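>>> Sharing a model that was predicted from the sequence below.
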Amino acid sequence: MFIWINRANQLSSFVAAGLFLSACLPSGFDQIYDAQKPYVVLGGALRIAVPQGYCLDRSSLVTNGDTFVALAGRCVEGTVYPAAVISIAVGPQGTAVDVAENVDELISYFETQNGLAALSAAENTPSITLISAQVEKQALLLHLKKHSATKGGLQSDTWRAIVGLSGRLITISISGRDGDALTQAQGAALLKKVISAMAQSQTA
């Protein structure tokens, strides 16, 4: 269990760094999108996919050893697809574990000061509050709220998932913009759609 938490902490910090660098995706970002062909990374070890209406940002794709991070945003106008910044961080091979088997311990940990500090990428004092936590389809789903102003105009609410795919621990984060914030329903729904797209792409 403690090994799992260390892995989750590392990926949480990785996602926070990715969101800091994103400053939200600008209009006209350098996009990659093919609904029928997910983006293959880490020498073919994993496929990255996002739901219809969203695109990966080519300039955000970063491979670091056996890890990978990507950002995505809306690339189809219209209210059907709410504007959002999607961050996907991939851990090294062998880091995935069964979330369902550890759910009570994990939720209890992320409710502590140390757990919240890890999720907010803060060394000492956590800068976020855990609003809700649940497990669905082998994924730990977290709704978090930041205490202070966010970088790049991201809204204070963020939705995060921790899930194992193809032997790797994956962290997915969803945020809206201050001026175009996601509702609870929108954030939770989009998070589940990204999880589904990622899972389905591994068997494509």
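The structure has been received and is ready for your questions.
>>> going forward, measure contacts between C-alpha atoms and count neighbours the same way
OK.
>>> Can you spell out which residues form a bridge with the residue nearest to the spatial centre of the chain?
With distances taken as Cα atoms, centre = their mean, the residue of the chain nearest its centroid is I172 (1.6 Å). Partner residues in beta bridges with I172: I88, A161, with DSSP bridges as the criterion.
>>> right, and V99 touches L165 too?
No: counting by Cα atoms under 8 Å, no contact exists between V99 and L165, whose distance comes to 11.2 Å.
>>> These two: which has the busier surroundings?
Remark: of V99 and L165, L165 carries more neighbours, 22 against 19, as counted by other Cα atoms under 10 Å.
>>> Let me know the distance separating the more buried one from T95.
When Cα to Cα, to the nearest Å is the yardstick, L165 and T95 sit 10 Å from each other.
>>> how about low-confidence regions in this protein?
Per-residue confidence for the chain (pLDDT under 70) gives these ranges: 1-36, 121-126, 148-152, 204.
>>> Can you tell me the element the residue of the chain positioned farthest from its centre falls in?
Within the chain, G78 marks the point farthest from the mean C-alpha position, 22.9 Å out by Cα atoms, centre = their mean. In this structure, G78 is located outside every helix and strand according to DSSP states H and E.
>>> Now do the phi/psi pair for it.
Taking degrees, to the nearest 10, you get phi 130, psi 160 for the backbone angles of G78.
>>> Distance of N64 relative to I88?
When distances are taken as Cα to Cα, N64 and I88 turn out to be 14 Å apart.
>>> Compare neighbour counts for those two and give me the winner.
Remark: of N64 and I88, I88 carries more neighbours, 29 against 10, as counted by other Cα under 10 Å.
>>> I figured that one was touching T63, is that so?
No: here I88 lies out of contact with T63, judged by Cα under 8 Å, at a distance of 12.0 Å.
>>> what sits in contact with each of these two?
Residues touching both I88 and T63 (Cα atoms under 8 Å, 6 or more residues apart in numbering): V69.
>>> A197 contacts Y39, doesn't it?
No: the criterion here is Cα under 8 Å, and A197 misses it with Y39 at 11.7 Å.
>>> which residues of the chain fall in helices?
In chain order, the chain shows helices spanning 2-22, 103-110, 113-119, 184-201, with DSSP state H as the criterion.
>>> Can I get the third one as PDB, trimmed to CA atoms?
If I follow you right, that is helix 113-119. What follows is the C-alpha trace of helix 113-119 in PDB, where atoms were taken according to Å, rounded to 0.1, in the frame of the first residue of the first chain:
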ATOM      1  CA  GLN A 113      -2.500  16.600   5.500                       C
ATOM      2  CA  ASN A 114       0.300  14.600   3.900                       C
ATOM      3  CA  GLY A 115      -2.100  13.200   1.200                       C
ATOM      4  CA  LEU A 116      -3.500  16.600   0.400                       C
ATOM      5  CA  ALA A 117       0.000  18.100   0.200                       C
ATOM      6  CA  ALA A 118       1.000  15.300  -2.300                       C
ATOM      7  CA  LEU A 119      -2.100  16.000  -4.400                       C
END
